[in-house]
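Engineer: Could you look at this predicted model? Sequence included:
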Protein chains: 2
Amino acid sequence: MWERLRDKRLADKIVTAEVAAGWIEDGMTIGLSGFTRAGDAKVVPLALAELTKKENKPFGVNVYTGASLGSDVDAVMAEAGIINKRLPFQADPVMRKKINDGSMMFVDQHLSHTAEAIRQGAIDAIDYAIVEAVAITEEGMIIPATSVGNSNIFVENAKHVIIELNMAQSVELEGIHDIYTPAMQGEREPIPLTSVDQRMGTAGIPVDPNKVKGIVLTNQLDSPSTIVEPDEETAQIAAHLIEFLRQEVKEGRLPNNLAPLQSGIGSVANAVFNGFLDSEFTDLTVFSEVLQDAVFDLLDAGKISFASGCSITLTADKMKHVTDNFAQYRDKLLLRPQEISNHPELIRRLGLIAINTAIEADIYGNVNSTNVSGTRMMNGIGGSGDFARNARLGIFVTKSIAKGGNISSIVPFASHVDHTEHDVDIIVTEQGLADLRGLAPRQRAIKIIENCAHPMYRDQLMAYYEEALTRGGHTPHVLEKAFSWHVRYAQEGTMLAKKPALV
Amino acid sequence: MWERLRDKRLADKIVTAEVAAGWIEDGMTIGLSGFTRAGDAKVVPLALAELTKKENKPFGVNVYTGASLGSDVDAVMAEAGIINKRLPFQADPVMRKKINDGSMMFVDQHLSHTAEAIRQGAIDAIDYAIVEAVAITEEGMIIPATSVGNSNIFVENAKHVIIELNMAQSVELEGIHDIYTPAMQGEREPIPLTSVDQRMGTAGIPVDPNKVKGIVLTNQLDSPSTIVEPDEETAQIAAHLIEFLRQEVKEGRLPNNLAPLQSGIGSVANAVFNGFLDSEFTDLTVFSEVLQDAVFDLLDAGKISFASGCSITLTADKMKHVTDNFAQYRDKLLLRPQEISNHPELIRRLGLIAINTAIEADIYGNVNSTNVSGTRMMNGIGGSGDFARNARLGIFVTKSIAKGGNISSIVPFASHVDHTEHDVDIIVTEQGLADLRGLAPRQRAIKIIENCAHPMYRDQLMAYYEEALTRGGHTPHVLEKAFSWHVRYAQEGTMLAKKPALV
């Protein structure tokens, strides 16, 4: 243990999870480490849920995180009903249910924005930061585990800090973090980063030892990623996108090794990255949030030369492989705070190719990433807005249909808009790719319907668009029918119209 | 003239507007200087329209600008039917009609994005840049007039350059420009700006003299701004906003001199700036696009210490006053390219307070800035997205009703979304202010309805929201009624429902 807890001033701070949980009071705000299941605080939040159950008193806290948590923390806390407000992202079915029945308030933020909101005091101040570490250095610096997320800003701004020192996380992770925190707005220097592999900060999170209230020893791996294997459709999406990038290189708009790649979380985005395995592209770089399985496959294949992210989220097998062979990855990886991995300044400067998943897109290219049928929260916008708006290429991918064809992912009007027509350059489905750059809405509509919509919905989309054209306008619509597809799905279980009434 | 045309290598390039217009061929792309009526190319575009009328052959060009033009250029070119595609912003009634009847393609872009699209080759390459200048220096540098806009990127990327040397624009403008152009993405350094008054670039636009195909002498002032005086409602909007900022200072979230201010174009935003005249705030700074009348009133009153923009757009009287007294403004002003005035990197670093106008906002805080009733283009998104997303405070202002109360600016569902709930911090109407920071959608709805909606629509909004609650969801909606207000307005001329059926 002492090779992990190297700051001897903190030796007497070791407590049990139950003791630490007991410090947290009703009405407080806590900041938990963790970004897409990686590097999350694993035991204190669960002990807190347990404790409140025992005490059986009304209890509620605000919970800030990096992104989604693993270890059933979100499920257990939501189930216990002890979360007043949660931000900025989640991906848990139990929590999702609570959010959608209105019993839990969820604030869906751009993942680069949370740190600014905390720094400005625009949201409730943090009482306790609870962050996982693989080590605490001689100087009292917290070495995060498999994610940085918002941990640095939580630690910096919290009144008290609780560290979960996790013996199960590899000590070899020490050295892959680069912690850089911007100053207050108005007193800030340019962020010096100009290449994906550049170090700017410290190897860990500096913390005032007097703020460290307790250290809890843990011994538990991250929850593995539940990503599903690429299928025929996601492979087709990857193929369309890679062919497009090939043409961009041919026409001189991209260099041979493209530009730093970003990919959203999930199976579709992972499959797209997998597509690069069989491509001619080499010397690729990644500047992303989550480094998923495919990034390590591409590192293994010598396709990627460097990957920068703010978390590493892997399936169980891949996690074992990476941990067992960490030496071969160490010099090709950096983990940064999510404020940096997702910073508009850096995304625009580096000129990323940003690939994110849409729930649905409309005929003009507005994208819904969050609310199913405009109302029911899935996970949250995550970093997709940070990336799409500022990237060289803002690309959204989705299968053209869902629920066996009863849902079309291309609709007349997006039932919730997270990414506006101004931010969406490219839409790709298994049907094809629509390059929307420099097109007016009426041109975009034709291209999206013809290239991206599933054949079973194309006539129906064209019928809507043609009726809309009779009304006129820059962005023609038939407002009384704009959501008729979503309403039909709710009432009849399908978006498909009965012929001959197509709309 | 020779004190304005100081590069003698260009002496034999002087031509008439008609000759210059004759160089432009069917199918070409031209880039015109001009940003909100200021510093626009005034005679060659009109000569081109005249010429094509005479020749009576099918003719069409793509027209890129900074933003809207004055001098009837947009009206005349649209009327002549010679524009195939226009970007990134316009504000002319004749052009608007052509856009909305589908006879002219309009690409509505974030004003900071156009330069990147040109640099990347993502949109058609520019054949002719036609830019206004007050002088051409000994070294062949173009000194812009009252705007920089996209002129630098047009000149840099065009095959040929035509300069309109305007004798009517004050030579005293020389010295207030700071031209800085980022390198290609991926080869770019951080933009070094850390304060609003910082100079980074050159005093004019460098140009290869071999690319200068012609110089046309002109003698015509900018079209004056048509801004209307503050009225009772806009004064109330200003008062609510200033009271809010006062509280932010009191609670330590803003310094006494606030943060650099940005304001959108138009009468409401101008009125809000006017509100600072009678406030206690001093030593204010401005980092904005257009510097309107109110900025100069605030400079005169000693309230603003420095103002950075990309254009100066004034009413006729104010234009005369500023020109006659330019010495007193010279050291307090800088005009930059719109890529810089609107750059996410700088907006976020400086932590702006961004104030922009909404056409409508919905109960969850999504904002429509462009498409009336979701379909008919007004002007374009302009810089509002650049600013709102990246600012410290993303503020939208609007009167709560329009058309004598037949339109509510607060609606159940925004009929076009330009700014998502993730980007809108504050909404202000004459009724009051809704601070949405850190609120979940259900909390935002109550606050917007209670604080911002007009009393005549409040019950109707609550009735919609309450019916939506019965359906559940993170963002409750009744999709089949979401646009019923817009449909009712189209059919009955009012959004007001007949009682007792409130929705």
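Structural biologist: Thanks, I have the structure now.

Engineer: Quick one: mean pLDDT over the helix or strand hosting A:Ile347.
Structural biologist: Per DSSP states H and E: A:Ile347 is located in helix A:344-350. When pLDDT is averaged over helix A:344-350, the result is 98.

Engineer: Against which helices or strands is the helix or strand that it is followed by packed?
Structural biologist: Next helix or strand after helix A:344-350 toward the C-terminus (DSSP H and E): strand A:353-357. Of the remaining helices and strands, those touching strand A:353-357 by 3 or more Cβ pairs under 8 Å, 6 or more residues apart in numbering or on different chains; DSSP states H and E are strand A:261-263, helix A:267-275, helix A:384-390, strand A:393-397. The C-beta positions use only the backbone N, C-alpha and C, and glycine is treated the same way.

Engineer: These: lowest mean pLDDT?
Structural biologist: helix A:267-275 (a mean of 87).

Engineer: List of residues touching that one?
Structural biologist: The list of residues contacting helix A:267-275 from outside it, by Cβ atoms under 8 Å, 6 or more residues apart in numbering or on different chains, reads A:227-231, A:234-235, A:237-239, A:241-242, A:261, A:263, A:292-295, A:297-298, A:355-357, A:397-399.

Engineer: Of the residues you listed, which belong to strands?
Structural biologist: In this view, these that belong to strands under DSSP state E are A:261, A:263, A:355-357, A:397.

Engineer: Most neighbours among those, which one?
Structural biologist: Within the ones in strands among the contacts of helix A:267-275, A:Asn356 tops the neighbour count with 30 neighbours, counted by other Cβ atoms under 10 Å in any protein chain shown.

Engineer: Identify the residues contacting that residue.
Structural biologist: A:Asn356 neighbours (Cβ under 8 Å, 6+ apart): A:262-264, A:269, A:369, A:383-384, A:387-388, A:395-397.

Engineer: for the residue nearest to A:Ile401 when sequence neighbours are not counted, what are its contacts?
Structural biologist: Excluding the flanking residues, the one nearest A:Ile401 by Cβ to Cβ, 6 or more residues apart in numbering or on different chains is A:His454, at 4.6 Å. By Cβ under 8 Å, 6+ apart, the contact list for A:His454 reads A:400-401, A:405, A:408, A:410, A:429, A:431.

Engineer: Check the separation of the first and last residues in stretch A:50-67.
Structural biologist: Its first and final residues considered, stretch A:50-67 spans 23 Å by Cα to Cα, to the nearest Å.

Engineer: Give me the contact status of it with chain B.
Structural biologist: No: applying Cβ under 8 Å from any Cβ of the partner chain, one finds stretch A:50-67 separated from chain B by no less than 9.0 Å.

Engineer: Which among the contacts of helix A:267-275 count as buried?
Structural biologist: Buried residues within the contacts of helix A:267-275, counting neighbours by 16 or more other Cβ atoms under 10 Å in any protein chain shown: A:227, A:230, A:234-235, A:237-239, A:241-242, A:261, A:263, A:292-295, A:297-298, A:355-357, A:397-399.

Engineer: Can you pull the phi and psi angles for the residue nearest to A:Ile401?
Structural biologist: phi -70, psi 140 (degrees, to the nearest 10).

Engineer: Show the contacting residues for whichever residue of the stretch 301-450 of chain A sits closest to chain B.
Structural biologist: With Cβ to the nearest Cβ as the measure, A:Gly351 is the residue of the stretch 301-450 of chain A nearest to chain B, at 2.4 Å. Contacts for A:Gly351 (Cβ under 8 Å, 6+ apart) come out as A:259-260, A:391-392, B:184-186, B:188.

Engineer: Any quick ChimeraX command for the buried ones out of the residues you listed?
Structural biologist: A single ChimeraX command suffices to select whichever of the contacts of A:Gly351 are buried according to 16+ other Cβ under 10 Å:
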select /A:259,260,391,392 /B:185,186
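
Engineer: and of the contacts of A:Gly351, the nearest to B:Ala158?
Structural biologist: B:Met184 (17.2 Å; Cβ to Cβ).

Engineer: Are we agreed that that closest one is in a helix?
Structural biologist: No: if the criterion is DSSP: H, G, I helix; E, B strand; the rest coil, then B:Met184 is coil and not within a helix.

Engineer: Now the phi/psi pair for it, please.
Structural biologist: Dihedral angles for B:Met184 - degrees, to the nearest 10 - are phi -60, psi 150.
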